[in-house]
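Asker: Structure of the sequence below:
(one chain, ligands or ions: 2)
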Amino acid sequence: MYKILTLNNISPLGLQRLPRDKYEIGSEISQPDGVLLRSFKMHDMDIPTSVKAIGRAGAGVNNIPVDEMTKRGVPVFNAPGANANAVKELVLAGLLMASRNIHGAMKFAAGIQGDDAAVSVAVEAGKKNFVGSELPSKTLGVIGLGAIGVRVANAALSLGMKVVGYDPLISVQSAWQLSSGVEKAVSLDSLFSQCDAITVHVPLIDATRGIVNADRLKMMPKGGIIVNLARGGICDDKAVLASLDSGHTAAYVIDFPTEALMKHAKVISFPHLGASTNEAEENCAVMVADSVSGFLQDGTVTNAVNFPEAFMPRNSGTRITIANANVPNMVGQISTILANAGLNIADLLNKSRGDIAYTIIDLDGDIDDQTLESLRGIKGVLSLRKLPPVA
Ligand SMILES: NC(=O)C1=CN([C@@H]2O[C@H](COP(=O)(O)OP(=O)(O)OC[C@H]3O[C@@H](n4cnc5c(N)ncnc54)[C@H](O)[C@@H]3O)[C@@H](O)[C@H]2O)C=CC1
Ligand SMILES: O=C(O)C(=O)COP(=O)(O)O
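Answerer: Numbers count the residues shown, from 1 in each chain. Ligands and ions are numbered 1, 2, ... in the order given. Predicted structure coming up:
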């Protein structure tokens, strides 16, 4: 029986992938084998040593101590692209709300009092205060061309916008999906100087913290729009507020409001709603439940942010999986210990990613505790699991 601790509500469709005869799931589980979560902040949590896998039903993993888990040999899975369409749609909504002054106009309409005739007079008199502008002929800058950024860039093109993208680390898959109509910015400064609206779709990491700052906001033409549905901290909020107050920036759309942002008339605040659609919640939960169960039951690795992809079909024997430092002669030491124990390797897969390597070994026979301890004792081994033969 595997024990799964949930730290947020996870869509039932995802939890159904973990059958009750094999999984005990709950928010109060002690000594869990796996953890499923969304935005719960795990940094201050004492993560039990029983945890073998963590599954983030979403994209961003800045709420998880990934480096610490890597040192423990614990994979952290996420759900790449599973909520990207949901975020894209809210970005477009935010862009339209800002460019058509919908936020202020709705507040005005909701505040009108009187009978139908009075309402009609107020509507016709008041609408001139909310004149907006249309998207075609405007230039959108997209920072980060991953699952979300590519979808936003392609959608903005189809709405008639000129689109400029910036992502020095763009993946081959994203490059394939990106419309050829999206122009490449040579630098962030160049992107800011040519864009009427800018949207960020990068993870919050040291390199991206504060990339939208006072100097860059000044490079934008007057009346610009900033959209941040990625993470608080990617934009320097104080600088954005100052730019809104000076009249240089027209609107700031944010999915991570703060007290100061929420009070500001030119800020459109959403309550971290980007991924909150039924479809995205289901997609994320299913994807990450499959990854976590694949790892717990078979030691396979799909969509981990800190482990190499690793899949080897299961034969009927005992399987061992080992995460270790990516240094020479680890497989040599492992196979020597197995050979000395008289164990034949039926199949073996060894993959590496950065500082970590991961090995799956199917054995012809069973492995005893002493041999497992010898393997654990190899310098550089971070975690080792023995998976019973498939029934
Ligand atoms: N508001 C919400 O509910 C949601 C927010 N997000 C946020 O959006 C972020 C992006 O999500 P996805 O597009 O799914 O991730 P992704 O991993 O597919 O794309 C991120 C892109 O950022 C690029 N990048 C990394 N560092 C960069 C840098 N310094 N400059 C420019 N580009 C850089 C990467 O090369 C990659 O192409 C997530 O990390 C998360 O923080 C994601 C989903 C929902
Ligand atoms: O996937 C992400 O990065 C998100 O920010 C979504 O967060 P949530 O799952 O809605 O708490």
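Asker: List the contacts of whatever helix or strand Gly104 lives in.
Answerer: If you go by DSSP states H and E, Gly104 is part of helix 102-111. Residues outside helix 102-111 that contact it (C-beta atoms under 8 Å, 6 or more residues apart in numbering) are 96-97, 123, 126-127, 129-130, 132, 251, 265, 268. Quick note: C-beta positions are derived from backbone N, CA and C, even for glycine.
Asker: got it, and stretch 2-9?
Answerer: Looking at what lies outside stretch 2-9 - C-beta under 8 Å, 6+ apart - the contacts are 15, 18, 22-27, 29, 31-40, 42, 50-51, 57, 292-293, 296-297.
Asker: Check stretch 47-56 too.
Answerer: Taking C-beta under 8 Å, 6+ apart as the rule, stretch 47-56 contacts 3, 5, 30-38, 42, 63-65, 68-69, 72, 74-79, 288-289, 291-292, 295-296, 383, 385.
Asker: Using PDB, write out every CA atom in that stretch.
Answerer: C-alpha atoms of stretch 47-56 as PDB (Å, rounded to 0.1, in the frame of the first residue of the first chain):
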ATOM      1  CA  ILE A  47       9.400  16.900   4.700                       C
ATOM      2  CA  PRO A  48       9.400  13.300   6.100                       C
ATOM      3  CA  THR A  49      12.200  11.000   5.000                       C
ATOM      4  CA  SER A  50       9.500   8.500   3.900                       C
ATOM      5  CA  VAL A  51       8.700  10.800   0.900                       C
ATOM      6  CA  LYS A  52       9.900   9.200  -2.300                       C
ATOM      7  CA  ALA A  53       8.200  11.400  -4.900                       C
ATOM      8  CA  ILE A  54       6.600  14.900  -5.000                       C
ATOM      9  CA  GLY A  55       4.000  15.800  -7.700                       C
ATOM     10  CA  ARG A  56       3.100  19.400  -8.400                       C
END
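Asker: starting at the chain centroid, how far to that stretch?
Answerer: 18 Å (C-alpha atoms, centre = their mean, to the nearest Å).
Asker: okay but Ile112 is in contact with Val119, surely?
Answerer: Yes: the criterion here is C-beta atoms under 8 Å, and Ile112 meets it with Val119 at 5.3 Å.
Asker: Can you give the contact residues for stretch 307-314?
Answerer: Here stretch 307-314 makes contact (C-beta under 8 Å, 6+ apart) with 75, 298-302, 323, 347, 349, 351-353, 356-358, 360, 362, 390.
Asker: what's the first-to-last distance across that stretch?
Answerer: 19 Å (C-alpha to C-alpha, to the nearest Å).
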